[in-house]
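Asker: I need the structure of the sequence given here:
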Amino acid sequence: MGDYRQAYDRSLRDPEGFWREAAEAIDWDVPPGRILDDSDAPLYRWFPGARLNTCHNALDRHVDAGHGDRPALIHDSPVTGQQRTFTYAELRDEVALFAGALRRLGVGPGDRVVIYLAMVPEAVIAMLACARLGAVHSVVFGGFGAPELAARIDDARPVVIVASSCGVEASRVVPYKPLLDRALGLAAHQPAHCVILQRPQLVASLEPGRDLSWSDAVAGASPAECVPVAATDPLYILYTSGTTGRPKGVVRDNGGHAVALRWSMDAIYAAGPGDVFWAASDVGWVVGHSYIVYAPLLTGATTVLYEGKPVGTPDAGAFWRVIAEHRVNVMFTAPTAIRAVKKEDPTGKLIEGYDLSSLRLLFLAGERLDPETYTWAGERLGVPVIDNWWQTETGWPIAASPRGLEDLPTRPGTPSVPVPGYRVRVVDPSGADVPAGQDGAIVIGLPLPPGCLPTLWQDDERYVRSYLSAFPGNYLTGDGGRFDADGYLYVMGRTDDVINVAGHRLSTGAMEEVLAAHPAVAECAVIGVHDPLKGQSPRGFVVLKSGATITEDQLRTELVAMVRDRIGPVASFRRVDVVPGLPKTRSGKILRRTMRGIADGVPEPVPSTIEDPAVLDALRPILTT
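Answerer: Alright, predicted model coming up:
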């Protein structure tokens, strides 16, 4: 770990020197003098006094450097049958024009704009246009429910909302405008204007005086120049999924965000100017913010915006088509997407029809990467598969194999090692470090590196209470895990996914790892349910691979035996159900807490981010028996 260890040790020993050097990759209107402001600890701020514009760094500087003809954005939409490529010069001009339209509607520095768009180029354009003006964007996942959208509108108080008339899926068109209208009927705050991108699949009705179409908004607008803002000014607000009550708005600043993401593309993803980078996510999630929009463009790479699914648009070869057609060099998606592909095409036969020689690396994040999926992807694609672990709050990876620093060997079941900048510890309830091999709570020593949330939107007290109070001087990740003797971090899931069986604390993630290793299992979940004798007992749920021929009784017998053999009889693992699907959020996280609540008969709100409520409804009778 020579190069990695040198960088990691320096980032902790001399964080100001480390990040001052990284900041040299960014254009500044006022360069950083002081690097870290710790005067209001634990509320730390990076690059106080410096000024920059994030949109300039993402677009204009590449054009000014003579790279205007380089492809910046490829939009690939199998659901509409359309593709379009924007060069850096074309994207800059589109962004400048829409920024001028927003400015004409009253948007200025510090104002908020809510973006409620499908996976279309205009989503990227709107985000960058806000950054160009020094405004603060808050992207809400397209098709989000009206009550949740209303809560975000009331919290962010936008001057303008930018929405599309509809979203397009493989089998249906989803009307967005009625959801927006209903949300505005529920919200106390009313924006001055709504800009509606009219899609030909469903043209929406407009409210006179408030609504105008995208085309009318830009007609006659003058392109806007970049407005420098303080490095500590907010770039965006992103509300965490599944929140109840007042939404929890994660704030991302301009300066630290630009420095960290630009550094991460080189150091972690080994991607540089001219590379084609594809994050198969959604702009409504943090992965979409960081690695569809900002990091690739800050780097001068080409980013792919994909309006489709891993399967069904049209088949389980969709990902391989995109890689082959656009010569993707680095891909980033969620394990659940690869599991969906594996379920439909267990042998990977569809891969054979595509030239994937351009692909160098596959990164997976968003949930725990089980060893079976890690192995399947690596064997079928023939490239390194790299787990990386992070959160909405951090904005970029906490742990990964940093391929731009050193080709550290990857191992199944672990996202590898802590990334430079993150002082990762595993602690017991008293806050003391636990020995290698022993489970505990994963925390990160303060200050968090640049790019992580400096606070929550208009709520410093809630930020400190939620993240910084459990272990003073540390950020609480909410995840549990352990280090091994080589310093590799194993993240076993949320700490509330640790169950207590007759006094024994057991990880449901460890049990899922066992179930996922069975050759007939496509994906699985284990939850702890109330047991009057043992306190809790584990229950397993598995989805079969397409074409699996094993009987359900035989599968149950084998799975129970596997858990008994690898975890031990102490797990008391006796029940496993074969189900057609597992309920998930739209980012791919399995709703284990909701499943546990249903099984225990405890009211547990269904997260507003649920992908398909029908899957959960079909599971309810099984959970309650």
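
Asker: where does this protein have low pLDDT?
Answerer: Counting by pLDDT under 70, the low-confidence segments of the chain come to 1, 241-245, 494-498, 500, 502-505, 533, 587.

Asker: Strands along the stretch 301-450 of the chain, start to end?
Answerer: Using DSSP state E, counting those that start in this stretch, the strands of the stretch 301-450 of the chain run over 302-306, 330-333, 361-364, 385-387, 399-400, 417-418, 423-427, 440-445.

Asker: Now for the chain: which helix has the highest residue count?
Answerer: For the chain, the helix reaching the highest residue count under DSSP state H is reported as helix 88-104.

Asker: Buried residues, it. List them.
Answerer: Counting neighbours by 16 or more other Cβ atoms under 10 Å, one finds that the buried residues in helix 88-104 are 88-103. (Each C-beta comes from the backbone N, C-alpha and C, glycine too.)

Asker: can you redo the strands of the stretch 301-450 of the chain as CSV with mean neighbour count and distance to V136?
Answerer: Below are those laid out as CSV (neighbours: other Cβ atoms under 10 Å; distance: least, Cβ to Cβ, whole Å):
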stretch, mean neighbour count, distance to V136
strand 302-306, 25, 22
strand 330-333, 24, 25
strand 361-364, 22, 28
strand 385-387, 25, 32
strand 399-400, 25, 29
strand 417-418, 24, 30
strand 423-427, 19, 29
strand 440-445, 22, 25
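
Asker: out of those, nearest to W263?
Answerer: Nearest to W263, of all the strands of the stretch 301-450 of the chain, is strand 399-400, at 12.7 Å by Cβ to Cβ.

Asker: helices and strands around that closest one, which ones?
Answerer: In this structure, strand 399-400 makes packing contacts with strand 417-418, judged by 3 or more Cβ pairs under 8 Å, 6 or more residues apart in numbering; DSSP states H and E.

Asker: now the strand it packs on: how far from the chain's centre is it?
Answerer: Distance of strand 417-418 from its chain centroid, counting by Cα atoms, centre = their mean, to the nearest Å, is 19 Å.

Asker: Strand partners (parallel or antiparallel) of it?
Answerer: Strands flanking strand 417-418 in the sheet, each with its direction: strand 399-400 (antiparallel) (DSSP bridges).

Asker: Residues in contact with the strand it pairs with: which ones?
Answerer: Outside of strand 399-400, the residues within contact range by Cβ atoms under 8 Å, 6 or more residues apart in numbering are 268, 363, 386-390, 415-419, 422, 424, 489, 491.

Asker: These: which two are farthest apart?
Answerer: Greatest spatial distance among the contacts of strand 399-400 (Cβ to Cβ): F363 and V424, at 18.7 Å.

Asker: possible to save the strands of the stretch 301-450 of the chain as a markdown table with distance to I567?
Answerer: What follows is the strands of the stretch 301-450 of the chain, written out as a markdown table (distance: least, Cβ to Cβ, whole Å):
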| stretch | distance to I567 |
| --- | --- |
| strand 302-306 | 38 |
| strand 330-333 | 29 |
| strand 361-364 | 24 |
| strand 385-387 | 22 |
| strand 399-400 | 24 |
| strand 417-418 | 26 |
| strand 423-427 | 20 |
| strand 440-445 | 19 |
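
Asker: Would you mind pointing out the helix or strand G108 falls in?
Answerer: No secondary structure element spans G108, as it lies outside all helices and strands (assigned by DSSP states H and E).

Asker: can you count the residues close to it?
Answerer: In terms of burial, G108 registers 12 neighbours under the definition other Cβ atoms under 10 Å.

Asker: how about it, phi and psi?
Answerer: Backbone torsions of G108, given as degrees, to the nearest 10, read phi -140, psi -180.

Asker: what's the spacing between it and I610?
Answerer: 36 Å (Cβ to Cβ, to the nearest Å).

Asker: and if you look at P435?
Answerer: With the distance defined as Cβ to Cβ, P435 ends up 39 Å from I610.

Asker: Mind checking which of the two has more residues around it?
Answerer: For P435 versus I610, the count of surrounding residues by other Cβ under 10 Å is larger for I610: 19 against 10.

Asker: related to what we said a few turns ago, please name every helix or strand in contact with the longest helix of the chain.
Answerer: Counting contacts by 3+ Cβ pairs under 8 Å, 6+ apart, helix 88-104 packs against strand 71-77, helix 121-133, helix 214-218.

Asker: Next, format those as CSV and append mean neighbour count and distance to V464.
Answerer: Formatted as CSV, these follow (neighbours: other Cβ under 10 Å; distance: least, Cβ to Cβ, whole Å):
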stretch, mean neighbour count, distance to V464
strand 71-77, 21, 38
helix 121-133, 27, 28
helix 214-218, 18, 40
